[in-house]
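**Student:** Fold the stuff below for me.
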Amino acid sequence: MGKFKGFLEIERQKPVRRPVDERIQDWNEFEGALPNEAIRDQGARCMDCGIPFCHTGCPLGNIIPDWNDLVYQDRWERASKRLHSTNNFPEFTGRICPAPCEEACTLNIDNEPVTIKQIERQIVDRAVEDGYGLEPKIAREKTGKKVAVVGSGPAGMACAQQLARAGHDVTLFERADRVGGLLRYGIPNFKLEKHLIDSRMKQMEAEGVTFRTSVNVGVDITADELRRDFDAVALSGGATHARDLPVPGRELDGVHLAMEFLTQQNKVCEGDTVDNQISAKGKHVIVIGGGDTGSDCVGTSNRQGAASVHQFELLPQPPDVRDEDMPWPYWPMIMRSSSSHEEGADREWSINTTRFEGSDGKLTKLHGVKLQWSTTEDGRRKMEPMAGSEFELDADLVFFAMGFLGPEKPGLLSDLGIELTDRGNVKADESYQTTVEGVFACGDMRRGQSLVVWAIWEGRECARGVDAYLRGYSDLQASPNSAQLVLG
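**Tutor:** I've put the predicted structure just below:
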């Protein structure tokens with residue numbers, strides 16, 4: 001590394017966030033860039049450990065110490081090439097990944113990891129600004145094989161791009177009116193502005209990917225037609241079956257799944273008119289679910305002008321720091337607060353919602369109870385209502401952000417006759433091929449609800465499986481922890 005004692009001399013520096021009272025007035029990204037000298041200093045903090053544990057934290061196996069050092073040396077174009085060698089879309093992960101690489105960083109032993117995520121973001125942003133970040137990688141020769149990729153989230157986009165670069169004719173199908181999956185219609189603009197997706201689409205089009213939006217495969221195109229017209233199919237439709245809460249009053253006007261709310265606002269940000277849009281303006285909002293989707297509902301509600309926002313979580317509040325059950329370098333289940341929480345929300349843990357109350361068909365109150373958690377003899381967690389802790393809270397809107405239960409089963413999956421795992425996800429082998437020959441699966445559809453960085457990994461690995469199926473081998477560039485694929 002270029003600066004051997006950089007980690008001793010330079011303090012961790014995070015980017016400045018826009019003031020809360022300013023950023024809740026618009027839908028623009030809330031976090032900026034560090035000055036060039038400052039981000040170079042942050043790269044210099046990378047300590048050239050004997051074992052780069054950041055690699056174990058990153059699902060993509062990003063070669064993090066290399067591009068940290070290249071940034072310190074002011075060799076930005078080479079840093080971009082090294083970053084893009086393992087990650088198709090670092091502008092996405094550099095903004096919305098929770099940075100498991102930083103949790104695994106050796107400097108995180110003292111809770112001061114290298115600012116890997118910010119360095120990643122600024123490498124790709126500078127590459128795009130300087131004109132070399134979105135250069136198409138066009139295949140030298142075409143294979144004559146046709147591949148359909150169904151679902152245009154990060155897994156589908158990564159899979160389609162890799163296959164096009166291998167020389168296959170790729171058609172990427174999306175049932176929504178725009179490409180991007182949850183990147184487009186789930187994650188709010190203040191975390192990920194959508195021009196970033198559009199820029200990658202242009203690159204992919206130049207590489208030979210054909211986009212077909214507003215096409216519901218399984219309805220507009222049958223499973224039989226799909227298999228007839230393409231030599232291979234990759235399914236990347238995500239885990240879109242949201243967990244519901246079937247308690248009394250669920251049918252009241254004002255009780256919604258989180259994705260209904262988030263999707264509508266993202267459409268408005270795209271310039272669309274949404275009839276009967278769900279609006280939090282002037283309303284008492286309760287978000288059920290303490291994860292990222294719940295946080296997005298909080299930030300969106302505040303920007304719409306909610307009168308109050310509460311966020312409930314069924315599980316107990318996690319500890320502030322690691323304990324003996326969460327040793328470094330593993331991902332710790334600790335207390336985390338997002339930018340949306342900074343903007344205002346009353347957060348409560350160990351809360352169970354028991355019913356909703358309404359008047360004239362409209363939601364007016366949430367009824368709940370506090371929980372006591374204990375551990376059984378076999379190590380399992382057990383929850384019980386806390387005596388006398390029942391409560392009610394005024395509510396005009398409630399959003400369910402309690403995660404997802406896997407892919408939608410009726411339709412394409414059932415028509416193809418694909419087997420599922422005991423968790424309800426698509427069953428696939430080590431090459432990502434399902435139980436139906438020539439049909440592959442990747443992303444949340446195969447893995448279950450997960451992170452964008454895992455989705456990109458899944459898409460890349462699935463592309464290698466498809467490529468090997470079609471040609472007998474694959475020389476697509478693999479992530480460092482990938483196995484060589486040779487079939488037949």
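
**Student:** How much space separates Arg355 from Thr364?
**Tutor:** As defined by Cβ to Cβ, to the nearest Å, Arg355 lies at a distance of 12 Å from Thr364. Glycine gets a C-beta too; all of them are placed from N, C-alpha and C.

**Student:** The two: which is more packed in?
**Tutor:** A direct count of neighbours by other Cβ atoms under 10 Å for Arg355 and Thr364 places Thr364 higher, at 17 against 13.

**Student:** Just confirm Leu264 is within a helix.
**Tutor:** Heads up, residue 264 is Gln, not Leu. Yes: per DSSP: H, G, I helix; E, B strand; the rest coil, Gln264 lies within a helix segment.

**Student:** Run a quick neighbour tally on it.
**Tutor:** The local packing of Gln264 (other Cβ under 10 Å) involves 20 other residues.

**Student:** Help me confirm that it comes into contact with Ile278.
**Tutor:** Yes: at 5.8 Å, Gln264 counts as touching Ile278 under the criterion of Cβ atoms under 8 Å.

**Student:** what does the helix or strand of the chain at the bottom of the mean pLDDT ranking contact?
**Tutor:** Scoring the helices and strands of the chain by mean pLDDT, DSSP states H and E places helix 54-57 at the bottom, with a mean of 90. Contacts to helix 54-57, defined as Cβ atoms under 8 Å, 6 or more residues apart in numbering, come from residues 61-65, 100-105, 114, 116, 329, 331, 480-481.

**Student:** Give me the buried subset of these.
**Tutor:** Among those, those scoring as buried are 61-65, 100-105, 114, 116, 329 (criterion: 16 or more other Cβ atoms under 10 Å).

**Student:** Among those residues, which lie within helices?
**Tutor:** Judged by DSSP state H, these include Ile64, Pro65, Pro100, Cys101, Glu102, Glu103, Ala104, Ile116 as members of helices.

**Student:** could you dump these to CSV with pLDDT and distance to Glu270?
**Tutor:** Below are these laid out as CSV (pLDDT from 0 to 100; distance: Cβ to Cβ, whole Å):
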residue, pLDDT, distance to Glu270
Ile64, 96, 34
Pro65, 95, 39
Pro100, 96, 31
Cys101, 97, 31
Glu102, 97, 32
Glu103, 96, 34
Ala104, 96, 36
Ile116, 98, 31
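
**Student:** Tell me the confidence at the residue nearest to Leu476 when sequence neighbours are not counted?
**Tutor:** The spatial neighbour of Leu476 that comes closest, neighbours along the chain excluded (Cβ to Cβ, 6 or more residues apart in numbering), is Arg464 at 5.0 Å. On the pLDDT scale, Arg464 is placed at 97.

**Student:** So which elements touch the strand or helix carrying Arg464?
**Tutor:** Assessed by DSSP states H and E, Arg464 sits inside helix 452-471. If you count contacts as 3 or more Cβ pairs under 8 Å, 6 or more residues apart in numbering; DSSP states H and E, helix 452-471 packs onto helix 90-96, helix 154-165, strand 232-235, strand 439-441, helix 444-447.

**Student:** where along the stretch 201-350 of the chain do the helices fall?
**Tutor:** Ranges of helices in the stretch 201-350 of the chain, per DSSP state H, counting those that start in this stretch, are 223-229, 258-269, 292-304, 339-342.

**Student:** Brilliant, that's me finished.
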